[in-house]
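Chemist: everything below, folded, please.
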Amino acid sequence: MIRWINALFILCLSQSAVAVDIQPDTLYPQVQLDTSMGKIVVELDRTRAPITVDNFLTYVVKGHYDNTLFHRVIPDFVVQGGGLDLKQEEKPYADPIVNESGNGLSNTFGTIAMARDNDPHSATSQFYFNVGDNERLDPSSRRWGYAVFGEVTEGEEVLAAMAGVATEHNTKLDWPDFPIEDIILEKATLLPRK
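Modeler: Next up is the predicted model:
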C-alpha cells in the first residue's frame, strides 16, 4: 500500500512539473519579446483566438522561443520567427492546431499571426508580425486565411527596424528573405496579470 501511495505521489509531482501556467483566465494576456534589436510587447486576444493564444503561450512559458531567429523578413509584408535555433536548425514543435483565421481579426500592420504551410491547419510554433496591411492573408469565402491572435502594444519602432534589415538567400536552408545579420529573439516572457 505504501508503494502505491508513493507511486501516486511521484506521478502527481511529475504531472505538476509538466503543467504550465498560461493564465487561462486572462482574456488579453501580454507577452514581452526581448530581441537583439529591442523590446516588443504584444497583447493577445483569447476572446477571438483561444486555441491559438493557448498554443503560443505554451511555447512562451516552456522557453521554446528563447534564443531563436527571426528567419524571414520581407519589407512592407512580414517579419517571421519562432522555429529556428541560433544554428539555423528547426526546433522540435508540438502538434499543429486548428486554424482560427475566421475570428474577425485582420492581418493589418502591427498584428501577430500564425505562420503555416499550405495545409490550413498546419500552424505549430512559427509566428509572424504584419509590417504592412496584408488583408490578402485574411480568409475569404473560398480559402482559409492566416490566424491573427494579437497586436503589438509597444515596440512598433523595433518592428519597423526589423522590417528594414538587409536579407539574402540562405544557402544552408535554401530559403529567401533571410536576414544577413541575425535578429535574435533572446527571451519571450508572459507578463504578470494586470
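
Chemist: list the contacts for residue 102?
Modeler: Residues near residue 102 by Cβ atoms under 8 Å, 6 or more residues apart in numbering: 139, 145. All C-beta spots, glycine's among them, are computed from the backbone N, C-alpha and C.

Chemist: quick check: it is in a helix.
Modeler: No - counting by DSSP: H, G, I helix; E, B strand; the rest coil, residue 102 is not part of a helix but coil.

Chemist: got the phi and psi for it?
Modeler: phi -90, psi 30 (degrees, to the nearest 10).

Chemist: got a pLDDT number for it?
Modeler: We have a pLDDT of 94 for residue 102.

Chemist: with residue 190 instead?
Modeler: At residue 190, the pLDDT recorded in the model is 98.

Chemist: so how many other residues sit close to it?
Modeler: The burial count assigned to residue 190 is 19, neighbours taken as other Cβ atoms under 10 Å.

Chemist: doesn't residue 31 make contact with it?
Modeler: Yes - here residue 190 reaches residue 31: they are 5.7 Å apart, a contact under Cβ atoms under 8 Å.

Chemist: list residues touching both of those two?
Modeler: 57, 60.

Chemist: quick one, what contacts residue 155?
Modeler: 33, 38, 39, 40, 41.

Chemist: looking at strand pairing, list the partners for the second one.
Modeler: Going back to what we said before, that points to residue 38. The bridge-partner assignment for residue 38, based on DSSP bridges, gives residue 35.

Chemist: that's a helix at residue 60, yeah?
Modeler: Yes - when classified by three-state DSSP, residue 60 is found to be part of a helix.

Chemist: that one and residue 191 touch, don't they?
Modeler: No - look at residue 60 against residue 191 with Cβ under 8 Å: they stay out of range, at 10.1 Å.
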